[in-house]
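In: Task: produce atomic coordinates for the following.
(4 chains)
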There are 2 protein chains.
Amino acid sequence: MKQKVTLKQIAKELDVSISTVSKALKDSKEISLDTRQKVKAFARLYNYKPNNIALSLKNRKTKTIGVIIPEIVHHFFTTVIGGVEKVANEKGYNVIICSSNNSFDKEVINLEMLASGSADGFILSVAKETQLKKDYHHIEETMSQGMPVVLFDRIIDEIVCDKVIIDDAKGAQTATNHLLSIGCKKIAILTTVDYISVGKLRTNGYLRALRAYDIFEKEEFILKIEDVDNCESEISDFLRDKDIDAIFAVNELFAVTAVKVLDIQGKRVPHDVSVIGFTDGILSKHFIPSLTTVSQHGEDMGIRAAKLLIDKLEGDDVAIEEYRTVIIDTSLIQRKSTKKMGSNPNN
Amino acid sequence: MKQKVTLKQIAKELDVSISTVSKALKDSKEISLDTRQKVKAFARLYNYKPNNIALSLKNRKTKTIGVIIPEIVHHFFTTVIGGVEKVANEKGYNVIICSSNNSFDKEVINLEMLASGSADGFILSVAKETQLKKDYHHIEETMSQGMPVVLFDRIIDEIVCDKVIIDDAKGAQTATNHLLSIGCKKIAILTTVDYISVGKLRTNGYLRALRAYDIFEKEEFILKIEDVDNCESEISDFLRDKDIDAIFAVNELFAVTAVKVLDIQGKRVPHDVSVIGFTDGILSKHFIPSLTTVSQHGEDMGIRAAKLLIDKLEGDDVAIEEYRTVIIDTSLIQRKSTKKMGSNPNN
DNA sequence: CATCCTTACGCAAACGTTTGCGTGTGGAAA
DNA sequence: TTTCCACACGCAAACGTTTGCGTAAGGATG
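Out: Numbers count the residues shown, from 1 in each chain, chains lettered A, B, ... in the order given. Presented below is the predicted three-dimensional model:
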């Protein structure tokens, strides 16, 4: 088993100094053409690859980006990662991904681990627990050590840094508006508990749309779901015998679960009830009926986040204290879970 | 902006040597209790964290595991990653994830990048292109440099290393058997082109089950889909006016698409046609009807793969030349896309 | 008072790079 | 023959750790 070959070994074999080898490989004209060729041939033969670790230590940068997300098994986050990877690889950066599993402690551990030498900067979306605890010392500490952080999706207002978000409220408003525009008047919302920032924002957008239409918001049309894993029974209870003609769900799971429950309760989508979800994932696309939904353009978010981070990483220190918030446009993807515009509902 | 504090800085502040600081932090009894306490207090105050990069260089190991998968936006792979992360974190390892995007070149680049200092070992599932090209030099080279590799799911028989797989053929056979046992006789299969190892194996399992039932396999019941992204039209053409009573699909997407197409063509699932998929993903669980499917237990695969790798990484060199192949049991998850056992089909 | 042991610390090498600068060799010019 | 300059290369420091070993100081012992 041949070990990894180092400059030192090449130097010994060729009976020159380490620095000569290093310079030869870099085509330094300080070294004679002859030696250069010999060294390069040898290096190729032994498949020499510079040791990243040593380079990182020397250069004081790792050329890797740390990404920390709440859940790895989640379509939206993986699309974001896809975007990050795309630009990172283009620019010669590595990507390390860790999931916090929505645990504050794991988020802290991961961040500290990566911060102590493994990554130059971070792209992160905070864990539920972190949002609940409102303890951001780990993020602030990382930043104060000079490592840039880009927050995305689930951001924290109190932290001053680059951010990439969608306008959750606006997206929700657009969705609700669409429901209103196709004639729905009794629109329920399936949302999360308030401490999830995006859930709250989407709820606000929903309310705003309603008010703009002079529709009085009803407490009993709002369901805040705590236990995501068991949302079906909650939704079922909520929907039973409720007189509604549309549902806006703040995520994909709530949307399909709603359709399922409606089906069981004998209501047809979209004939009796129109449903709009949030996030354009696998489910929305392939469900029957396919779901009208608000697309967050996850890959774009990842791309923008990575660009922001790399700009900061490579930027002249001039703009380093300048923070930007990028807002990605959402778009409404109309599919089959909502009635067509102009169709005349006679229920 | 305070910079990251190093041993050297602490040493200077406290007017002792670097080695004293290092030893003090490790509670070496070579250092007086007094000094130890002073150093530790100071380190805590300045939030000293040893630099991982320097440690990696010194110890010649990074304590990180590289995971390379064909697609990051893929439920099965993310569950595997979840499993890997679980045991890796338990054992103090970091996890770096890269996706090859099913490209041979990207797989090579990622592997080489990680191999040159960023990771101690690899868990990987090869890209489609790699399977097609049958070029495995990058993997063999990595191994010959002393870095252990664990292959999972899409493995390569020619490479001798640890492997974690499911018995694809057996899983497919079980699924097909189930269809046969509920009375289906005209069973079609939706599969991939042959060079995808798992697709081929699953097809074999399907054929085996058929033969065991003395059912003659029909060429026209087998659809090998090339362009996954546009499978709907292929499936639609294939299914049109075909007299079948069951479909076995080698993945989730094919399965739901089949249900969709059947629906359009006026056949009901499971009443007219029973459908079984492969992989227990989001879609199978939430689709209407929910899909009977073969679960691959992705998280278990990840757990086993990580254990194999870490064993090799930390193992006494005794067993290092011994390679194991772990076969994870699949299980058939019965849901609503197949008729119940014993129901009397009269079609 | 000389010797010895313990205590408490520092030195230096090593991990694999990069790079500014110093230096020996050779040939050409004076 | 002397002087000078290019050329081609090596030295050493630096990045931040760890750790075996050497050693100064001080007290205890003979």
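In: which bits of the stretch 1-150 of chain A sit near DNA strand D?
Out: For the stretch 1-150 of chain A, the residues in contact with DNA strand D (Cβ under 7 Å from any atom of the strand) are A:15-20, A:29-35, A:54, A:57-58, A:60. From N, CA and C alone the C-beta is placed, and that goes for glycine too.
In: same thing but at 10 Å, please
Out: Proximity of the stretch 1-150 of chain A to DNA strand D, by Cβ under 10 Å from any atom of the strand, involves residues A:7, A:11, A:14-24, A:28-36, A:38-39, A:53-60, A:116-117.
In: and DNA strand C, which of those residues reach it?
Out: The subset of these within reach of DNA strand C, by Cβ under 10 Å from any atom of the strand, is A:7, A:11, A:17-24, A:28, A:30-31, A:53-59.
In: Buried ones among those residues?
Out: For these, a neighbour count by 16 or more other Cβ atoms under 10 Å in any protein chain shown gives the buried set as A:7, A:11, A:20-24, A:31, A:53-57.
In: where in the stretch 1-150 of chain A is pLDDT low?
Out: Residues of the stretch 1-150 of chain A meeting the criterion pLDDT under 70: A:1-2.
In: where exactly do the strands run in it?
Out: Under the criterion DSSP state E, counting those that start in this stretch, the stretch 1-150 of chain A contains strands at A:64-69, A:94-99, A:121-124, A:149-152.
In: ok, residue A:109 to residue A:99 distance?
Out: If you measure residue A:109 against residue A:99 using Cβ to Cβ, to the nearest Å, the figure is 12 Å.
In: list the contacts for residue A:266?
Out: Listed by Cβ atoms under 8 Å, 6 or more residues apart in numbering or on different chains, residue A:266 has no contact partners.
In: So it, which state does it fall into?
Out: Using DSSP: H, G, I helix; E, B strand; the rest coil, the three-state assignment for residue A:266 comes out as coil.
In: from the buried ones among the ones next to DNA strand C among the residues of the stretch 1-150 of chain A next to DNA strand D, which is closest to DNA strand D?
Out: Sorting these by distance to DNA strand D puts residue A:20 at the head of the list, at 3.0 Å, by Cβ to the nearest atom of the strand.
In: Without its sequence neighbours, what residue ends up closest to that closest one?
Out: Using Cβ to Cβ, 6 or more residues apart in numbering or on different chains and skipping the chain neighbours, the partner closest in space to residue A:20 is residue A:31 (6.1 Å).
In: Spit out the contact partners of that neighbour.
Out: Contact partners of residue A:31, counting by Cβ under 8 Å, 6+ apart, are A:20, A:23-24, A:39.
In: Need the max-distance pair from those.
Out: Greatest spatial distance in the contacts of residue A:31: A:23 and A:39, 8.9 Å, computed using Cβ to Cβ.
In: Okay, domains of chain A per the record?
Out: Here the domain parsing of chain A from automatic domain parsing is A:7-50, A:62-166+A:298-328, A:168-296.
In: Span of the longest one from start to end?
Out: Read it as domain A:62-166+A:298-328. Terminal residues of domain A:62-166+A:298-328 are spaced 29 Å apart (Cα to Cα, to the nearest Å).
In: Could you check it against chain B for contacts?
Out: Yes. Domain A:62-166+A:298-328 reaches chain B (Cβ under 8 Å from any Cβ of the partner chain) through A:62, A:64, A:72-75, A:78-79, A:81-82, A:85, A:89, A:94-99, A:106, A:109, A:112-118, A:141, A:144-146.
In: Residue A:104: neighbour count?
Out: Residue A:104 has 18 neighbours, counted by other Cβ atoms under 10 Å in any protein chain shown.
In: neighbour-wise, which of residue A:109 and residue A:99 wins?
Out: Legend: neighbour count by other Cβ under 10 Å for residue A:109 and residue A:99, higher for residue A:99 (26 against 15).
In: so that one sits right up against residue A:66, yeah?
Out: No. Applying Cβ atoms under 8 Å as the test, residue A:99 and residue A:66 come out as separate, 11.9 Å apart.
In: Now list whatever residues contact both of these two.
Out: Residues touching both residue A:99 and residue A:66 (Cβ under 8 Å, 6+ apart) are residue A:110.
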